[in-house]
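# could you look at this predicted model? Sequence included:
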Amino acid sequence: MAKRTKKELRGPKVVSVPPGPKSKAAMARKEKFVTNAVKVALPIDVTFAEGPFVQDADGNVYVDLGGGIGVQTAGHRPPSVIRAAKDELDRLTHISFMVATYAPYTDLAARMAEICPPGLTKSIFLNSGSEAIENAVKISRAATKRAWLVSFKTAFHGRTLLDISLTGKDKPYREGFGPLVREVILADYAYPYRDPQGLPPAECAKARVEEIERLINQPDVAGRVAAILAEPVQGEGGMIVPPKEFFPLLRKLCDAHGIVLVDDEVQAGMGRTGKLWAIENWNTVPDILVSGKAVGGGLPFGGVTGKPAVMDRPGPGSLGGTFGGNPIVCAAALEAIDVIQKALPKTRKLEALIGKRLDEIFEDHDRVGEVRGIGAMWALEFVKDRRTKEPDVELARAVQLAGLKNGLILLTAGFFNNCIRLLPPINIPLPLMTRALDLLEDSLDLALAGKAS
């Protein structure tokens, strides 16, 4: 393939109605050689990506509003991140940090100590957010000498056996994989739109934390909870933004009961919400922060950063992994952090643009039950009736497919799979975002008219 420059990839541009013949052929190969358990959401074969654009094998160029599930916060292949990875590739590919130290790992650990919330100064780096959550749980149990964990019904923490135990959505994540980890309590998150009592935001936050306190004081559990794991914005759950009171109350609860507060920033962190870390929006300092996705700049990354009193409790040699903190990934991460920090001020303008346009779509379409979001992290939740709030799964999927034909990459989300989530690059040009939102509304109109397939 001939080398492309940044100026050569422009879009959206649909030259062959997707899926085109080359993408169909690629999907046929996938069906032949890849387990059916791996589901591909969009029937296209991607060959190139740059900035906010993705190109498929048939020459179509899409505006990427999914970012590889929230990874490409500064767009695809930022030049300085690519250079950093290539430079490190010329020096070192692997030695394992359990064998000998190397500068990219320790430099990244020092950088995380600088940019994470106050007091979180020690890190371990892994290969994914899922692996990082596993290690956060191990560290929490070692620090507290307790077994039980609290998570949320609308949470998503990964796909390992422990992680799906902490994830409330049964299908497709938990179904058929039991028995799961027993010592897990799943509580209701502060989700005002679907609050079980129909409470307004501030009361919803208070009621949900009071519910958690009741659950952790059950006879079999009292005094045995090691950690509460919470995403500051639930991405897979449908971009659920909690009331501002929720995390401060959760922090007080953890302090009162000696529980480790684990902040899962794998999707919501590293600039996505307008702050470097999403929990900064709630003026709360966790004990452990779990990072991933965007930090790696497009390469596989997971991190656990926390207070020394917690992080140093596991014994020497008890944490690690052959490839965790790979030198190429760490070198890319150091540059990705710089790129995201420089782009961060743009996020508020993007937030205002998206919020205003989605509010207009809400006003004009009664099958949109709610729009919600923060920074560059948004969702439309589709319902069959605004009064009953019955989820409309079919409409969300139809909008996703109509969007593809309009030159948009869209992701679904939500406990009921009835949301379209938007994860654009935080540095996407505002005129391009405006065009993408116009195409999103057109995709919704096409879906409602039954023209998406």
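Great, that's in hand.

# can you verify residue 397 is assigned to a strand?
No - if the criterion is DSSP: H, G, I helix; E, B strand; the rest coil, then residue 397 is helix and not within a strand.

# can you pull the contacts of it?
412, 417 (Cβ atoms under 8 Å, 6 or more residues apart in numbering). Glycine gets a C-beta too; all of them are placed from N, C-alpha and C.

# how about the nearest residue to residue 191, chain neighbours excluded?
Spatial nearest neighbour of residue 191, excluding adjacent residues (Cβ to Cβ, 6 or more residues apart in numbering): residue 240 at 4.9 Å.

# that neighbour: neighbouring residues, count only.
Number of residues near residue 240 (other Cβ atoms under 10 Å) recorded here: 27.

# low-confidence stretches in the stretch 1-150 of the chain?
Applying pLDDT under 70 to the stretch 1-150 of the chain flags residues 1-8.

# again, 90 this time
Counting by pLDDT under 90, the ranges of the stretch 1-150 of the chain that qualify are 1-11.

# all strands of it, in order?
Per DSSP state E, counting those that start in this stretch, the stretch 1-150 of the chain carries strands over the ranges 46-50, 53-56, 61-64, 122-126, 148-152.

# okay, those strands in CSV with mean neighbour count and distance to residue 376 next?
Converted to CSV, the strands of the stretch 1-150 of the chain look like this (neighbours: other Cβ atoms under 10 Å; distance: least, Cβ to Cβ, whole Å):
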stretch, mean neighbour count, distance to residue 376
strand 46-50, 18, 18
strand 53-56, 24, 16
strand 61-64, 26, 12
strand 122-126, 24, 25
strand 148-152, 25, 23
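
# between those strands, which one is nearest to residue 135?
Across these, residue 135 has its closest neighbour in strand 122-126 (6.1 Å, Cβ to Cβ).

# domains of the protein?
6-77+345-448, 81-343 (automatic domain parsing).

# so residue 371 sits in a helix?
No - Residue 371: not assigned to a helix; according to three-state DSSP it is strand.

# contact partners for the residue lying closest to it once chain neighbours are set aside?
If you skip the residues right next to it in sequence, residue 371 has residue 358 as its closest partner in space, 4.0 Å away by Cβ to Cβ, 6+ apart. For residue 358, the contacting residues are 371, 373, 378, 380, 437, by Cβ under 8 Å, 6+ apart.

# test my guess that the third one contacts residue 354.
The one in question is residue 378. Yes - using Cβ atoms under 8 Å, residue 378 makes contact with residue 354 at a distance of 5.4 Å.

# shared neighbours of those two, anything?
residue 422.

# tell me the SS of residue 350?
Recorded secondary structure, residue 350: helix (three-state DSSP).

# now for residue 278: which residues touch it?
Contacts of residue 278 (Cβ under 8 Å, 6+ apart): 232-233, 265, 268-269, 272, 374.

# buried ones in the helix or strand encompassing residue 440, by neighbour count?
In this assignment (DSSP states H and E), residue 440 forms part of helix 430-448. For helix 430-448, the neighbour count (16 or more other Cβ atoms under 10 Å) marks 432-433, 435-437, 439-441, 443-448 as buried.

# okay, which residue is most central for the protein?
In the chain, the residue lying closest to the centroid (Cα atoms, centre = their mean) is residue 267, at 2.2 Å.

# and the gap between that one and residue 217?
31 Å (Cβ to Cβ, to the nearest Å).

# how about residue 380?
38 Å.

# of these two, who's got more company?
Applying other Cβ under 10 Å to residue 380 and residue 217 shows that residue 380 carries more neighbours, namely 29 against 12.

# wait, that one sits on residue 418?
No - using Cβ under 8 Å, residue 380 is not in contact with residue 418; the gap is 9.4 Å.
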